[in-house]
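**Student:** Predicted model and sequence below, questions to follow.
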Amino acid sequence: MNKDILICGVGGQGTVLASKIIAAAAMEEGNAVHSAETIGMAQRGGSVTSHVRIGEGAYSPLIPHGSAELLLAFEPAEAVRNLSYLCPGGTAVVNTSVVAPAGSASYDGEPMRAYLEKKCRCIFVDSEEVCRPFGSVRFFNIIITGIAAGAGVLGISRETLTEQIRRRVKPKFVEENLKAFAAGYEIGSGASRQV
């Protein structure tokens, strides 16, 4: 498999854990993987991106603009900011709930959604709504990973991803994260018929 995946969001949303789970699962399935994160702003609530490049053709961990087949956006403005990485025909899975970076005023995310709908294939999800059964938006990173897997745009098996969740999430949170992944997978399975 050859696939470039860009994950973007705001510090504290769990983008780095999502990228590590995806990269480890892809390696478990026998793929070469390169990854890189911009994590300096993670603790300050700033913009964070993770590049995950799967396959033999990737010689650098950084994804060239216009090459990512998949954009996982944990925040709508970050989706727009990083849209130039998405290739023609690529898919964006986008959180519609606004999470303003530190020091920024909140904004209306609806214009971002409208812009994205014109530019690419999108699967939209409201993190507050899908995380409500779990009592915290901290589960969104696992849910969005499940959505991408369920929609068939991630290219990694459900079983391999759940095994990486078991390995990489703190033991006391594993069961709840597996439930969150299953919920995301179900959402993605429905979305795959709409995209």
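**Tutor:** Cool, the structure landed. In this text the structure is predicted, and so the values were computed from the model without any measurement.

**Student:** Give me the contact list for the helix or strand E186 falls within.
**Tutor:** Element membership of E186 [criterion: DSSP states H and E] is helix 174-192. With C-beta atoms under 8 Å, 6 or more residues apart in numbering as the test, helix 174-192 has contacts from 123, 125, 130-131, 133-134, 139, 142-153, 158, 161-162, 165-166, 169. Yep, even glycine has a C-beta here, placed from its N, CA and C like the rest.

**Student:** buried sites along the helix or strand of the chain with the lowest mean pLDDT?
**Tutor:** The weakest-scoring helix or strand in the chain, judged by mean pLDDT, DSSP states H and E, is strand 33-38 (a mean of 91). Residues V33, H34, S35, E37, T38 are the ones in strand 33-38 that count as buried (16 or more other C-beta atoms under 10 Å).

**Student:** could you list every residue that touches the nearest residue to V153 once chain neighbours are set aside?
**Tutor:** Leaving out its chain neighbours, the residue that sits closest to V153 by C-beta to C-beta, 6 or more residues apart in numbering is T91, at 4.7 Å. With contacts defined as C-beta under 8 Å, 6+ apart, the neighbours of T91 are E69, L70, L71, C120, R121, C122, I123, A151, V153, V195.

**Student:** ok, 7 Å please
**Tutor:** When contacts are counted by C-beta atoms under 7 Å, 6 or more residues apart in numbering, T91 touches L70, R121, I123, V153, V195.

**Student:** L72 is in contact with the fourth one, correct?
**Tutor:** Spelled out, that is V153. No - with contacts counted by C-beta atoms under 7 Å, V153 stays clear of L72, the gap being 9.5 Å.

**Student:** and these two? which has more neighbours close in?
**Tutor:** The residue with the greater number of neighbours, taking V153 and L72 and applying other C-beta atoms under 10 Å, is L72; the counts read 31 against 24.

**Student:** can I assume that one sits in a strand?
**Tutor:** Yes - when classified by DSSP: H, G, I helix; E, B strand; the rest coil, L72 is found to be part of a strand.

**Student:** Please name the bridge partners of it.
**Tutor:** When bridges are taken as DSSP bridges, the partners of L72 come out as I7, V93.

**Student:** Hmm, V93 and it touching each other?
**Tutor:** Yes - in terms of C-beta under 7 Å, L72 counts as a neighbour of V93; the distance is 5.3 Å.

**Student:** Identify each buried residue in the strand or helix carrying the residue nearest to V153, please.
**Tutor:** Element membership of T91, judged by DSSP H and E, is strand 86-95. For strand 86-95, the buried set under the neighbour-count rule, 16+ other C-beta under 10 Å, comprises L86, C87, G90, T91, A92, V93, V94, N95.
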